[in-house]
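K.L.:
Everything below, folded, please.
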Amino acid sequence: MVLAARTHCELGESARAGQIAAGALEAATEANDAWSMGWALHVLTIVTAVQGRIASALPLFDRALAVTETAPALTDLRLLLQLNQAIALGKLDQYELALAAAGQVMSLISQVGTTLRLGQAHSALGQLLFETGRWDDALAEVTVMDGDLKEPGGACCDLGIAAVICFHRGETDAARRHLAAAAPYASLIGRRLIGPLTLARSLDREQDGALPEALAVLTDVLGGDTEELREVQDLLADAVRLAVATGDLAAGRTLMHQATALADDSGIPHREADALYCRGLLDHDASFAGALEVYTALGAMADLARLRATPR
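P.N.:
Take a look at the predicted model:
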């Protein structure tokens, strides 16, 4: 049951994964089977987080870590749980805690972990550094290991982050090399949504001036039946920006309402900021104050050029 739940999770079938994992957890608890309890809880942490309920995942992490604490055979799972917990803290904008936790786990993995876990540690740090604007450090983390040493979803995420950074910096050839490298891994993960990779594919079309096609890359997943709201949220701001740029205000308003719904009662600052940003675009009230300075700090030359060309 646990292996089935993990497989559904890897394929982006979160609801089914959660159902099976819950059944596995109940049976494992009755049997006092620590291995199955730990892995079932691991799946439930992922399912809860990708469905956008990040805060609700934290108690599940605590429970899972308690199960693994006294079982030496579950050391590898414990490291994985700690990495995912760090990412979850980042999604709640608790970046100081998240980066400290990820760094601690990296140190442990370098001593007792496997190559796979080491790759996941670099990936976790790369995501957190990317989200906090430390793009040079993020690039170093996501490209330090070959994709064949990572699980396919992790390879897609890392290559997607690298491509997004390169597109923003105007390094189109490098970005497209990252996208091409991601293709074989993407073919292995079913309909699982990887936000950075999807965004990179959209930026690829935007780079060629094909704005409707760039928007379609995003709306095809945002308007579909994906269960991964955590990944959806990270795409909405760019989707609204492209909708406004192409004059598709109806799509823009739909996407803005989606961003607002995810922000409401979430208590997560970046979700609230995204919703306000989307509304500002549609109300033609987007602020340029400080944008030049931020883009310059990031080395985002493509964004600087776009900003300077935007009518005031």
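
K.L.:
pretty sure residue 43 is touching residue 6, no?
P.N.:
Yes - shown here, residue 43 and residue 6 form a contact pair, counting by C-beta atoms under 8 Å, at 5.8 Å. In this view, the C-beta of every residue, glycine as well, is placed from N, C-alpha and C.

K.L.:
the more surrounded of those two?
P.N.:
Remark: of residue 43 and residue 6, residue 43 carries more neighbours, 29 against 19, as counted by other C-beta atoms under 10 Å.

K.L.:
need the contact list for the nearest residue to that one once chain neighbours are set aside.
P.N.:
Leaving aside its sequence neighbours, residue 43 sits nearest to residue 21 (C-beta to C-beta, 6 or more residues apart in numbering; 3.9 Å). Residue 21 sits next to 1, 2, 5, 9, 40, 41, 43, 44, 47 when contact means C-beta atoms under 8 Å, 6 or more residues apart in numbering.

K.L.:
So the fifth one sits against residue 25, correct?
P.N.:
Yes - counting by C-beta under 8 Å, residue 40 touches residue 25, with 3.9 Å between them.

K.L.:
export the contacts of residue 21 to JSON lines and tack on distance to residue 205 and pLDDT?
P.N.:
Listed next are the contacts of residue 21 as JSON lines, based on distance: C-beta to C-beta, whole Å; pLDDT from 0 to 100:
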{"residue": "1", "distance to residue 205": "41", "pLDDT": "96"}
{"residue": "2", "distance to residue 205": "40", "pLDDT": "96"}
{"residue": "5", "distance to residue 205": "36", "pLDDT": "96"}
{"residue": "9", "distance to residue 205": "30", "pLDDT": "90"}
{"residue": "40", "distance to residue 205": "40", "pLDDT": "97"}
{"residue": "41", "distance to residue 205": "40", "pLDDT": "97"}
{"residue": "43", "distance to residue 205": "34", "pLDDT": "97"}
{"residue": "44", "distance to residue 205": "36", "pLDDT": "97"}
{"residue": "47", "distance to residue 205": "31", "pLDDT": "93"}
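
K.L.:
among these, who's most crowded?
P.N.:
Most neighbours among the contacts of residue 21, by other C-beta under 10 Å: residue 43, with 29 neighbours.

K.L.:
which helices and strands sit right next to the helix or strand containing that one?
P.N.:
Assigned by DSSP states H and E, residue 43 belongs to helix 34-50. Secondary-structure packing of helix 34-50 (3 or more C-beta pairs under 8 Å, 6 or more residues apart in numbering; DSSP states H and E): helix 2-10, helix 14-31, helix 54-68, helix 75-91, helix 229-233.

K.L.:
chain center to the first one, what's the gap?
P.N.:
On the basis of C-alpha atoms, centre = their mean, to the nearest Å, helix 2-10 sits 19 Å off its chain's mean C-alpha point.
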